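In: Got a sequence here, can you model it:
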Amino acid sequence: MTTDTTENVRRLRCALFVDFDNVYIGLRRLDPAAAEAFAESPGHWLTALETGSDADGEFTRRFLVRSCYLNPSVFSQFRPNFTRAGFSVVDCPSLTQQGKSSADINLVLDAVDALAAETRYDEFVILSADADFTPLAIRCRAADRRVTIITASPAASAYRAVADTVVTADELAELVKHPEALALGEPVALIAPVTVEQPQADEPAPATTGRRRSASRESGPAQPSTAPTTPPTTPPTTTPARRALLRLVGAADRPLTGGVVAQAAQKADPSVLTSDWHGAGGFFPWLAQVVPELGAASRPAPGFVWDPQRFSEADLPTAGGVNLPPLQRQVVDVTDIPNLPTERYRVLLTALAEDASTNPFERAATARRVRDVCQAAGQPIGRASVNNVISGVLLSGLDLTKKTTAKKLAETWADNVVGLCRGGRMDLRSQDVAAIRAWVGGGLLKG
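Out: Model prediction:
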């Protein structure tokens, strides 16, 4: 791995492999404008991927290999765009009656060749949600190479687990439309220091309040940390622990327990223990001082830490969740769907159907309105849970720009969840499928 000793910035030699058909089709279902931006301006999002940071500090990427695999009989109009951006475009025409192209095998063969090449590539970046690439990712990691996976649709948990970094479909949609604002490997949000509101006389002090990407503060049952109410006006920007936590929490697909985040801080800066968290007296007070951008709640135990621009107290496992039987617990673990009880799924699906029938669909605004309706009904359902359901039904082919019903939404969402389970190699019996559909369908599919 090379390092710029003058500026102390690492420079990674990278190999980039783009499964065009997979990414474009996935983005088109999720956000048509993002799909067009991805296909028409690859140079823009490629530039955004050239910088990043992790627990070891800042780095830049030099994409020595830029390979794009596409079906020319379907997507030939986009070929010149990638050629102009410096990609080697490999035509992968359909070879079967089912329309299956040779993109997967060509991508894998080229990646294996890159592993064995005289040039040592520090990182392999794969743009695809196809779980067939899991063995390739394992092979890369076994060779001590970083692996970054960028998906445009739900990826199997085993596929995500073998990656050092995962960029989700939502993050990719923002990346391709706003390439100048995002950098792979950095938290998508968490960029502006925040101040702590003074509590009322009879209220506990919140750990942080933050700007949200057009979202108001969400309330939930979790009790925030009673952290010091005057964090530094200019929080440290270079401490190893701060960088590690921004990287960890910014990349997380859910709120993390306090213990996990505290361990990451200790690993990055062992002096926090010998100094009693630098005089703060505990992890959560220290967190509010050093990384005030993060949302945090020390209660209920074990405490949680999250990115406030994507999650809130309502997204905590103890906020809107339910103690699940073994089958449903496995579904949540394998698919990452919201851990909501049946009645909350009913409220969410009903609110989404009503909103889709009365308002123009726009993902961010729709999710915000549905979240507000759910919480006004006394259901602590976070925006992340709403976004998860919206993405699931969009990727399953349901058009939310048209009027729909709660039952149709429930059917589509349940089919999506069952598909994710099977993609995760869960062995489902007929009674298991029925139980999952009754649960995630909010009871709307009975009979």
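
In: Tell me which helix or strand residue 410 sits in.
Out: Per DSSP states H and E, residue 410 falls inside helix 406-423.

In: Residue 69 in helix, strand or coil?
Out: On the three-state scheme (DSSP: H, G, I helix; E, B strand; the rest coil), residue 69 is labelled strand.

In: now residue 52
Out: Residue 52 is classified as strand under three-state DSSP.

In: what stretches of this structure score poorly on pLDDT?
Out: Along the chain, segments meeting pLDDT under 70 span 1-8, 53-57, 95-100, 178-238, 251, 253, 314, 317-324, 447.

In: Nearest the geometric middle of it, what residue?
Out: residue 168 (4.0 Å; Cα atoms, centre = their mean).

In: Show me what the strand or helix carrying residue 170 is in contact with.
Out: Using DSSP H and E, residue 170 sits within helix 169-177. Residues outside helix 169-177 that contact it (Cβ atoms under 8 Å, 6 or more residues apart in numbering) are 23, 26-27, 30-31, 33-34, 37-38, 41, 44-45, 48-49, 129, 150-154, 167, 181-182, 184, 188, 387, 391, 395. Just so you know, the C-beta spots here come from the backbone N, C-alpha and C atoms, and that holds for glycine as well.

In: Give the other helices and strands that the next helix or strand after the helix holding residue 410 contacts.
Out: Where DSSP H and E defines the elements, the next helix or strand beyond helix 406-423 is helix 430-440. Secondary-structure packing of helix 430-440 (3 or more Cβ pairs under 8 Å, 6 or more residues apart in numbering; DSSP states H and E): helix 326-335, helix 342-358, helix 406-423.

In: if we go to 6 Å?
Out: helix 406-423 (3 or more Cβ pairs under 6 Å, 6 or more residues apart in numbering; DSSP states H and E).

In: Show me what the helix it packs on is packed up against.
Out: The contact analysis (3+ Cβ pairs under 6 Å, 6+ apart) places helix 406-423 against helix 342-358, helix 383-395, helix 430-440.

In: can you rerun that using 8 Å?
Out: helix 326-335, helix 342-358, helix 383-395, helix 430-440.

In: Helix 406-423 and the shortest one, what's the angle between them?
Out: Using axes from the mean of the first three to the mean of the last three Cα atoms, to 10 degrees, the interaxial angle of helix 326-335 with respect to helix 406-423 works out to 80 degrees.

In: What residues of helix 326-335 count as buried?
Out: 327-328, 331-332, 334-335 (16 or more other Cβ atoms under 10 Å).

In: rewinding a little: emit the ChimeraX select command for whichever of the contacts of helix 169-177 are buried.
Out: The buried subset of those, as determined by 16+ other Cβ under 10 Å, is captured in ChimeraX by this line:
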select :23,26,27,30,31,34,37,38,41,44,45,48,49,129,150,151,152,153,154,167,182,184,188,387,391,395
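
In: From the contacts of helix 169-177, which land in strands?
Out: The strands, defined by DSSP state E, take in 150, 167 from those.

In: show me where the stretch 101-250 of the chain has strands.
Out: Using DSSP state E, counting those that start in this stretch, the strands of the stretch 101-250 of the chain run over 123-127, 146-150, 165-167.

In: Now do the domain split for the protein, please.
Out: Using automatic domain parsing, the domain ranges for the chain come out as 2-177, 205-313, 326-440.

In: out of everything not next to it in sequence, what's closest to residue 259?
Out: Leaving aside its sequence neighbours, residue 259 sits nearest to residue 302 (Cβ to Cβ, 6 or more residues apart in numbering; 5.4 Å).

In: just residue 345 next, same as before
Out: Of all residues not flanking residue 345 in the chain, residue 442 sits nearest, at 3.7 Å (Cβ to Cβ, 6+ apart).

In: What is the burial count for residue 446?
Out: Neighbour count for residue 446, taken as other Cβ atoms under 10 Å: 9.

In: Apologies, that question was intended for residue 359.
Out: The burial count for residue 359: 12, using other Cβ under 10 Å.

In: so how far is the helix holding residue 410 off the chain centroid?
Out: 20 Å (Cα atoms, centre = their mean, to the nearest Å).

In: Measure how that helix sits relative to helix 342-358, angle-wise.
Out: Going by the same axes, to 10 degrees, helix 406-423 makes 120 degrees with helix 342-358.

In: Show me which positions of helix 406-423 end up buried.
Out: Taking 16+ other Cβ under 10 Å as the criterion, helix 406-423 shows 406, 408-418, 420-421, 423 as buried.

In: Which one of these is nearest to residue 90?
Out: residue 423 (25.9 Å; Cβ to Cβ).

In: any idea how far residue 149 is from the closest residue to the closest one other than its chain neighbours?
Out: For residue 423, ignoring the flanking residues on the chain, the nearest one in space by Cβ to Cβ, 6+ apart is residue 156 at 5.2 Å. Between residue 156 and residue 149 the computed distance is 11 Å (Cβ to Cβ, to the nearest Å).

In: The two: who's more crowded?
Out: Set residue 156 next to residue 149 and count neighbours by other Cβ under 10 Å: residue 149 wins out with 23 against 18.

In: shouldn't the more buried one be in contact with residue 165?
Out: Yes - using Cβ atoms under 8 Å, residue 149 is in contact with residue 165, at 7.3 Å.

In: Contacts only, for residue 402.
Out: Residues in contact with residue 402 (Cβ under 8 Å, 6+ apart) are residue 356.

In: what's the answer for the one 10 residues further on, then?
Out: Counting by Cβ under 8 Å, 6+ apart, residue 412 makes contact with 392-393, 396-398.

In: Any of these buried? List them.
Out: 392-393, 396, 398.

In: Relative to residue 296, which of those is nearest.
Out: For the buried ones among the contacts of residue 412, the nearest to residue 296 is residue 392 (28.5 Å; Cβ to Cβ).

In: With adjacent residues omitted, what lies nearest to that closest one?
Out: With sequence-adjacent residues excluded and distances taken as Cβ to Cβ, 6+ apart, residue 392 is closest to residue 416, at 4.2 Å.

In: The strand or helix carrying residue 370 - contacts with which helices or strands?
Out: Counting by DSSP H and E, the element that carries residue 370 is helix 363-376. If you count contacts as 3+ Cβ pairs under 8 Å, 6+ apart, helix 363-376 packs onto helix 342-358, helix 383-395.

In: Please identify which of these is closest to residue 118.
Out: Closest of these to residue 118 is helix 383-395, at 40.4 Å (criterion: Cβ to Cβ).
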